[in-house]
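**Q** need a structure here:
(one chain, ligands or ions: 1)
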Amino acid sequence: METKTKQTGIAKLEIDGTVFELPILSGTEGPDVVDVSKLYATAGVFTLDPGFTSTGSCESQITFINGEEGILLHRGYPIDQLAGNSGFLEVSYLLLNGELPTQTKFTSFANDITQHTLIHTQMDRFFDGFRRDSHPMAMLTGAVGALSAFYPGAMDSSDPDERYLAYIRLIAKMPTLAARIYKYTIGQPFVDPQNDLSYAANFLRMCFAITAEPYKTNPILARAMDKIFILHADHEQNASTSTVRLAGSSGAHPYAAVAAGVASLWGPSHGGANEACLNMLRQIGDVSEIPEYVRRAKDKNDPFRLMGFGHRVYKNYDPRATVMQKTAEEVLGELGIDTPVLRVARELEKIALEDDYFIEKKLYPNVDFYSGIILDAMGFPTEMFTVLFALARTVGWCAQLNEMIEDPTQRIGRPRQIYTGPATRDFIPISERS
Ligand code: CMC
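**A** Below is the predicted model:
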């Protein structure tokens, strides 16, 4: 990847009377950055930014977020245009390659994916090692890492062809793994992929078909699934993507890096929020209980938070939530569902958006607020929600990992620290310690 940043100014930092000049760099969109990469070498100090609230970790040409205005672009295209007009595989091509495909390129890419949907039969034996009640994310973390055992060529992440094959395999096999995990937890036989179906329809079939009966795809549900995948495909340098980049920066192969991303995604502050959100809506149970939960969310002494609200970057409506809300209405309309959970969600959103605490802190519904409701209506158990997020995010992780590897300035990621432990002291033999 060729750098596209331009130096547009100089920042001056004065430390004990000495002035250090730091380049100010501009990208295509978004705030400028102060380049501190040479600061330690020239000034002998580090910068400190726990949680990376003011720190860019890389140059990237994949995804742009304007949190203040609620904008999300993939390779320049707004997310609502992609979700409205495109399909998940087309967006995958865009994320990986930088441009929307021509028909010929798309056909070839979709072919590559469908030819890799099967998993090695030995992989199926992995699942038997898990308890049936294992969390699906525990199984997914293990299964993705285990894939590498079947493709030794992928160990060389410096080979672009091997890397590409690993990305194709990961994107192709994720639905198969996710569906097998679901089937394993409910004790049903695995359903193999059917490659003449779309990516999303094939996934729904592998999850919900029963080998003893014919299965008919519901096109509205398949389109909704596809949209959910698009809305989760990439999201700039979030925790799991940064984990993938950091893991891959050591030269670890794509399966290892993506397995690290899956593990990072699991947490309730990140990909686990959709599961936590639906559990919360169920716990609230009835519209009459909402004021009490809103009160608790505002109480500093209560650790309770409104799941599905707030975002590190979006200080406006999450643009993915807008599409997700519309999709939820479509799916629930199609299925003729009007559950207490949906009523609680609608009312909670209304109350929170009018509440001073949420207005002041700019806490808006995020993508996870409505995604859980759709997935629940489709028949997925809550424990599977984060697995579906991981499935969709795999392409983003691959695109970001590849961009990092192709960046000629790439080095192993190695943050520093400010040490506040004991200063140097001499060892005391155990017999002399009090
Ligand atoms: N409910 C109540 N108060 C909240 C919430 C919430 N959901 N989110 C943030 N706040 C408050 C928080 O208490 C803090 O208040 P104060 O300044 O008085 O201490 C203030 O808002 C800022 O919060 P923060 O934790 O410093 O913000 P952050 O950027 O570190 O955290 C977040 C972002 C997403 C982890 C957080 O908003 C949260 O925990 N939300 C609920 C979990 C959730 O829905 N996560 C999904 C994120 S979207 C999917 C993804 O990208 O993975």
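
**Q** confidence score at the residue of the stretch 251-400 of the chain found nearest the ligand?
**A** Taking C-beta to the nearest ligand atom, the ligand has its nearest neighbour within the stretch 251-400 of the chain at residue 310, 2.4 Å off. Any C-beta I mention is one placed from the backbone N, CA and C, and that applies to glycine too. If you check residue 310, the pLDDT there is 91.

**Q** and residue 163, by the same measure?
**A** For residue 163, the predicted pLDDT is 93.

**Q** what comes up buried for the one helix or strand it maps to?
**A** Using DSSP states H and E, residue 163 sits in helix 160-186. Residues of helix 160-186 classed as buried: 162-163, 165-185 (neighbour count, 16 or more other C-beta atoms under 10 Å).

**Q** quick one: name whatever helix or strand follows it.
**A** helix 199-208.

**Q** that next one vs helix 160-186, what angle?
**A** 30 degrees (axes from the mean of the first three to the mean of the last three C-alpha atoms, to 10 degrees).

**Q** so what does helix 199-208 touch, helix or strand wise?
**A** When contacts are defined as 3 or more C-beta pairs under 8 Å, 6 or more residues apart in numbering; DSSP states H and E, helix 199-208 packs onto helix 88-97, helix 160-186, helix 219-231.

**Q** looking at those helices, which is nearest to the ligand?
**A** Closest among the helices and strands packed on helix 199-208, once you apply C-beta to the nearest ligand atom, is helix 219-231, at 10.3 Å.

**Q** what comes up buried for that closest one?
**A** Buried residues in helix 219-231 (16+ other C-beta under 10 Å): 221-231.

**Q** also stretch 1-20?
**A** 1, 13.

**Q** gap between the two ends of it?
**A** By C-alpha to C-alpha, to the nearest Å, the extent of stretch 1-20 from end to end equals 29 Å.

**Q** what's that stretch in contact with?
**A** Stretch 1-20 has contacts (C-beta atoms under 8 Å, 6 or more residues apart in numbering) with 21-28, 32-34, 39, 42-43, 45, 59, 61, 403, 406-409.

**Q** mind checking which of the residues you listed are buried?
**A** Among the contacts of stretch 1-20, those buried by neighbour count (16+ other C-beta under 10 Å) are 22-23, 25, 27, 32-34, 39, 43, 59, 61, 403.

**Q** mean confidence (pLDDT) on the helix or strand where residue 332 lies, please.
**A** Taking DSSP H and E as the criterion, residue 332 maps to helix 319-335. On average, the pLDDT along helix 319-335 is 88.

**Q** in that helix, what counts as buried?
**A** Using 16+ other C-beta under 10 Å as the test for burial, helix 319-335 gives 319-325, 327-328, 330-332.

**Q** just checking, residue 146 touches residue 125?
**A** No. In this structure, residue 146 is not within contact of residue 125 by C-beta atoms under 8 Å, at 10.4 Å.

**Q** these two: who's more crowded?
**A** Set residue 146 next to residue 125 and count neighbours by other C-beta atoms under 10 Å: residue 146 wins out with 17 against 9.

**Q** how far away is that one from residue 184?
**A** Counting by C-beta to C-beta, to the nearest Å, the separation of residue 146 from residue 184 is 14 Å.

**Q** same question, residue 277
**A** Taking C-beta to C-beta, one finds residue 277 at 25 Å from residue 184.

**Q** likewise residue 365?
**A** Residue 365 is 33 Å from residue 184, by C-beta to C-beta.

**Q** ditto for residue 81
**A** In terms of C-beta to C-beta, residue 81 sits 38 Å off from residue 184.

**Q** picking up where we left off before, among the buried ones among the contacts of stretch 1-20, which are in strands?
**A** The members of these that map onto strands under DSSP state E are 22-23, 25, 33-34.

**Q** which one of those sits closest to residue 85?
**A** Nearest to residue 85 out of these is residue 33 (C-beta to C-beta; 32.4 Å).

**Q** now do that closest one, the pLDDT please.
**A** 97.

**Q** residue 19 looks like it's in a strand, true?
**A** Yes. According to DSSP: H, G, I helix; E, B strand; the rest coil, residue 19 belongs to a strand.

**Q** just grab the bridge partners of it for me.
**A** residue 14 (DSSP bridges).

**Q** low-confidence ranges in this protein?
**A** Within the chain, no range satisfies pLDDT under 70.

**Q** 80 - rerun?
**A** Where the chain drops to pLDDT under 80, the residues are 1, 153-155.

**Q** list the buried ones in stretch 125-137?
**A** Of all the residues in stretch 125-137, those buried under the rule 16+ other C-beta under 10 Å are 126-127, 130, 134-137.

**Q** so, in contact with the ligand or not, it?
**A** No. Under the criterion of C-beta under 6 Å from any ligand atom, the ligand is not reached by stretch 125-137; the shortest gap measures 13.4 Å.

**Q** gap between the two ends of that stretch?
**A** Between the opening and closing residues of stretch 125-137 there is a gap of 17 Å (C-alpha to C-alpha).

**Q** what's in contact with it?
**A** In contact with stretch 125-137 (C-beta under 8 Å, 6+ apart) are residues 138-139, 142-143, 146, 178, 180-182, 184-185, 187, 262, 265-266, 272, 383-384, 386-387, 390.

**Q** now do 7 Å
**A** Contacts with stretch 125-137, where a contact means C-beta atoms under 7 Å, 6 or more residues apart in numbering, come from 139, 143, 146, 180-182, 184-185, 187, 266, 383-384, 386-387.

**Q** try stretch 309-325
**A** Under the criterion C-beta under 7 Å, 6+ apart, residues 65, 67-72, 79-80, 83, 227, 231, 352, 358, 362-367, 369-371 lie in contact with stretch 309-325.

**Q** double-check that residue 134 belongs to a strand.
**A** No. Counting by three-state DSSP, one finds residue 134 to be coil, located in no strand.

**Q** distance of it from the ligand?
**A** 22 Å (C-beta to the nearest ligand atom, to the nearest Å).

**Q** and this protein, which residues reach the ligand?
**A** Selection of the chain residues close to the ligand by C-beta under 6 Å from any ligand atom yields 235, 238, 269-271, 273, 297, 305-312, 361, 363, 366-368.

**Q** name the SS class of residue 158, please.
**A** Residue 158 ends up coil, using three-state DSSP.
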